[in-house]
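Asks: Provided below are the primary sequence and the corresponding predicted coordinates.
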Amino acid sequence: MAEALLRIQGLTRRFGGVVASDGVCLDVAPGELHAVIGPNGAGKTTLIGELAGEIAPQAGTIHFDGHDITALPMHRRSLMGLARSFQITSLFPHFTALQNVALAVQAHAGHSFRFWRDARGEAALCEPARAALDRVGLGHCADTRVAGMSHGEQRQLELAMALATAPRMLLLDEPMAGLGPDESSRMVRTLRELKGGMTILLIEHDMEAVFALADRITVLVYGRVIASGDPAAIRANPEVRQAYLGEQGVATHV
Amino acid sequence: MSSIVTTRNAIVAALLLLLALVPLYSAATGDYFMMTLFTRIVILAIAAVSLNLIMGFGGMVSFGHAAYLGIGGYAVGILAKEGINSGFVQWPVALVASGLFALGVGALSLRTRGVYFIMITLAFAQMVYYVAIGLDRYGGDDGLTIYKRSQFIEPFDLSNKTFFYYLCFVLLLLTLYFVWRLVNSRFGMAIQGASSNDRRMRAIGFPTFRYKLTCFVIAGVICGLSGALLANHTDFISPAIMHWTRSGDLIVMAVLGGMGTVFGPVIGAIALLVLEEVLPFLIGAVSQLLTGHEVQGAREYWQLILGPMLLLIVLFARGGIDGLLLRPKRSESRG
């Protein structure tokens, strides 16, 4: 296997008596779509938080592209090319879709100690923003305020904002959460188009989507990695079937 | 982008025109009280606009903004007392001192949020207030008379009321233009984004703290300018200028006028200070109408009317007076 773009070693985080990450080890190779699944409370969102720099692990290291980023603040990780989308939609509701994405572009276009020129008219910000909107199929609602967009469109916008930072790796926290069947399949289509060109760590509840998209799957239960491998191996793994797939009653779908 | 010619913009232009004409009115009628009142309004409008930059656009509710009025004012007063009358010294000192104070307060208070931020900014302002009371050499509690206004080059004379009014008015216009450019620039986008969703801003790569701190310092410097003007206007400076109720007045101006726009606080400053003059009269007249003679002390209860008015604005017109003017169609670019 090629040198991993993201390497997680022995990551541990406790909240009181609960161990949310229990010595998690994980490698994501460049260009790979790596899915992390697990029942509710398995520590998936904690893992994303640790990777994005929002939650400090108590032990273990995170290496991104060979650099130790375990102690870096959020914005530095983003500037290194590690982009994150949120499970609970987290946007700027009073801004239009285009302004939301333009902000993400701006974050990566040098410092923002520019006090004079009108940023809303700047082609250097708006054009990449429009391109990112088009890429997720939101080109038509560039000038709609976020507050006026449907939930599905807001999820797509989350993705567009992550993409607009020209990241080298995407951390996607349940991009399908709360989507209807049509919206879900559109999101799967978008992710499939991104796949290959982009390294992605996907946390997702939607098993159909995970098995359709992932190159590799890691299963978390109670903060611990119980299995890691390609979709076929995971599907066949008895421990996984018992801990997760069987219990959720979705084994028949996959 | 909506058209620039709207009812609201017409009203804003009319207000600015009225402000520009105040000295002509005073010269024509001999009513110099009007000019004194409006000089005060224009100066405090500068302070309110600066507060709104951090409060309305940056989401940083500072309850200690009057401290900068005091620092700017005392810089002028203390230097004048020590025989340094040149405005070329006094004013830069006022601005730099305000900026440094803002840097210190901001660096500490911006690590907190919500109510804690409000309380810390209040605490710092109270600290400066009590320091001023302790300045025995500069009048302590009683304040300090400024015998000579800031000296600039001939023929500009700040003691000339008309000239001083226009100086303040031009500085207000410059402040408005500067803040308007600022909030629509990249820096302004970063500030408004941090106000709306700080966590997301950091996740997309903004070091929000340093932008918010810079904004906090800019607002402090502008308000320090307002303080230097105020000291020159009243020829006097005392700790009362930075009493916490003065900070409250500035917040009221911004809320009353409208926090969503750069110009809103100017409307708020005019409304609040004019009401302060008009309501006592009104209450006296009403008491005369009801009882046949003016009830003694009735005028002191003018705030009984102001209070409910504020309440109505906050409950039913979230965007303040300016928000009412902007309805029903809000313009895209916040001017």
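Replies: Thanks, I have the structure now.
Asks: So which residues of the stretch 201-335 of chain B form strands?
Replies: In the stretch 201-335 of chain B, the strands defined using DSSP state E, counting those that start in this stretch lie at B:236-237.
Asks: Equivalent analysis for the stretch 51-200 of chain B, please.
Replies: B:144-145.
Asks: how about the helices of it, start to end?
Replies: Secondary structure of the stretch 51-200 of chain B by DSSP state H, counting those that start in this stretch: the helices cover B:66-81, B:87-109, B:114-134, B:161-184, B:186-203.
Asks: Point out the most buried one among these.
Replies: Highest mean neighbour count of these: helix B:66-81, a mean of 27 (counted as mean count of other Cβ atoms under 10 Å in any protein chain shown). Every residue, glycine included, has its C-beta placed from N, CA and C.
Asks: list the helices and strands that one packs on?
Replies: helix B:32-52, helix B:87-109, helix B:114-134, strand B:144-145, helix B:208-234, strand B:236-237, helix B:244-257 (3 or more Cβ pairs under 8 Å, 6 or more residues apart in numbering or on different chains; DSSP states H and E).
Asks: how big is the angle separating the second one from helix B:208-234?
Replies: Which is helix B:87-109. Helix B:87-109 runs at 140 degrees relative to helix B:208-234, counting by axes from the mean of the first three to the mean of the last three Cα atoms, to 10 degrees.
Asks: Let me know the distance separating residue B:180 from residue A:42.
Replies: 50 Å (Cβ to Cβ, to the nearest Å).
Asks: Then residue A:29?
Replies: Distance from residue A:29 to residue A:42, by Cβ to Cβ: 23 Å.
Asks: Among those two, which residue is more densely surrounded?
Replies: residue A:42 (24 against 16; other Cβ atoms under 10 Å in any protein chain shown).
Asks: helix or strand for the residue most central in space within chain A, which one?
Replies: Nearest to the mean C-alpha position of chain A, counting by Cα atoms, centre = their mean, stands residue A:172 at 1.3 Å. Taking DSSP states H and E as the criterion, residue A:172 maps to strand A:169-173.
Asks: what helices or strands is that strand leaning on?
Replies: Against strand A:169-173 (3+ Cβ pairs under 8 Å, 6+ apart) you get helix A:44-52, strand A:82-85, helix A:151-164, strand A:199-203.
Asks: In JSON lines: these, plus distance to residue A:238 and mean pLDDT.
Replies: Formatted as JSON lines, the helices and strands packed on strand A:169-173 follow (distance: least, Cβ to Cβ, whole Å; pLDDT from 0 to 100):
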{"stretch": "helix A:44-52", "distance to residue A:238": "22", "mean pLDDT": "91"}
{"stretch": "strand A:82-85", "distance to residue A:238": "33", "mean pLDDT": "90"}
{"stretch": "helix A:151-164", "distance to residue A:238": "34", "mean pLDDT": "90"}
{"stretch": "strand A:199-203", "distance to residue A:238": "23", "mean pLDDT": "94"}
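Asks: Burial check on the closest residue to residue B:69 other than its chain neighbours, number of neighbours?
Replies: With Cβ to Cβ, 6 or more residues apart in numbering or on different chains as the criterion, residue B:69 has its nearest non-adjacent residue at 3.9 Å, and that residue is residue B:227. As a burial measure, residue B:227 scores 31 neighbours (other Cβ under 10 Å).
Asks: swap in the one 5 residues further on?
Replies: Other residues within reach of residue B:232 by the criterion other Cβ under 10 Å amount to 28.
Asks: Surely it and residue B:164 touch.
Replies: Yes: Residue B:232 is within contact range of residue B:164, at 7.0 Å (criterion: Cβ atoms under 8 Å).
Asks: Show me whatever sits in contact with both of the two.
Replies: Each of B:149, B:158 lies in contact with both residue B:232 and residue B:164 under the rule Cβ atoms under 8 Å, 6 or more residues apart in numbering or on different chains.
Asks: Can you list the buried residues in the helix or strand of chain B with the lowest mean pLDDT?
Replies: Least confident helix or strand, chain B: helix B:320-326 with a mean of 84, by mean pLDDT, DSSP states H and E. For helix B:320-326, the neighbour count (16 or more other Cβ atoms under 10 Å in any protein chain shown) marks B:320, B:321, B:322, B:323, B:325, B:326 as buried.
Asks: next one: stretch B:297-314
Replies: Buried-residue list, stretch B:297-314, by 16+ other Cβ under 10 Å: B:298, B:299, B:302, B:305, B:306, B:310, B:313.
Asks: Mind picking the one among these that's closest to chain A?
Replies: Using Cβ to the nearest Cβ, residue B:313 is the member of the buried residues of stretch B:297-314 that lies nearest chain A, at 20.3 Å.
Asks: residue contacts, the closest one?
Replies: B:255, B:256, B:320, B:321.
Asks: Over to residue A:218?
Replies: Here residue A:218 is in contact with A:26, A:34, A:35, A:36, A:37, A:225, A:227, A:228 (criterion: Cβ under 8 Å, 6+ apart).
Asks: Would you check which of those residues are in contact with chain B?
Replies: Counting by Cβ under 8 Å from any Cβ of the partner chain, nothing from the contacts of residue A:218 sits close to chain B.
Asks: I'd like the helices of the stretch 51-200 of chain B as TSV, with mean pLDDT appended.
Replies: Formatted as TSV, these follow (pLDDT from 0 to 100):
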stretch	mean pLDDT
helix B:66-81	97
helix B:87-109	97
helix B:114-134	95
helix B:161-184	96
helix B:186-203	93
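Asks: Leaving out sequence neighbours, find the closest residue to residue A:10.
Replies: Here the residue nearest residue A:10, using Cβ to Cβ, 6+ apart, is residue A:60, at 3.9 Å.
Asks: quick one: contacts of the helix or strand where that neighbour lies?
Replies: Assigned by DSSP H and E, residue A:60 belongs to strand A:59-64. Here strand A:59-64 makes contact (Cβ under 8 Å, 6+ apart) with A:4-12, A:21, A:23-24, A:50-51, A:68-70, A:77, A:80-82, A:169.
Asks: counting contacts, what elements does the helix or strand that comes right after it pack onto?
Replies: Sequence-wise, the next helix or strand downstream of strand A:59-64 (DSSP H and E) is strand A:67-68. Of the remaining helices and strands, none touches strand A:67-68 by 3+ Cβ pairs under 8 Å, 6+ apart.
Asks: check contacts around the residue nearest to residue B:189 when sequence neighbours are not counted.
Replies: Nearest residue to residue B:189, sequence neighbours excluded (Cβ to Cβ, 6+ apart): residue A:119, at 4.8 Å. Residue A:119 makes contacts with A:102, A:106, A:125, B:184, B:185, B:186, B:188, B:189, as judged by Cβ under 8 Å, 6+ apart.
Asks: If I look at the first one, what pLDDT would I see?
Replies: The score at residue A:102 is 95. That number is its pLDDT.
Asks: Run a quick check on residue B:125 versus residue B:247, I expect a contact.
Replies: Yes: assessed by Cβ under 8 Å, residue B:125 is found in contact with residue B:247 at 6.0 Å.
Asks: shared neighbours, those two?
Replies: The contact lists of residue B:125 and residue B:247 share B:63, B:64, B:65, B:66, B:67, where a contact means Cβ under 8 Å, 6+ apart.
Asks: burial count for residue A:173?
Replies: 24.
Asks: what's the distance between it and chain B?
Replies: 11 Å (Cβ to the nearest Cβ, to the nearest Å).
Asks: Could you find the closest non-adjacent residue to residue B:272?
Replies: Residue B:272 sits nearest to residue B:253 (Cβ to Cβ, 6+ apart), 5.3 Å away.
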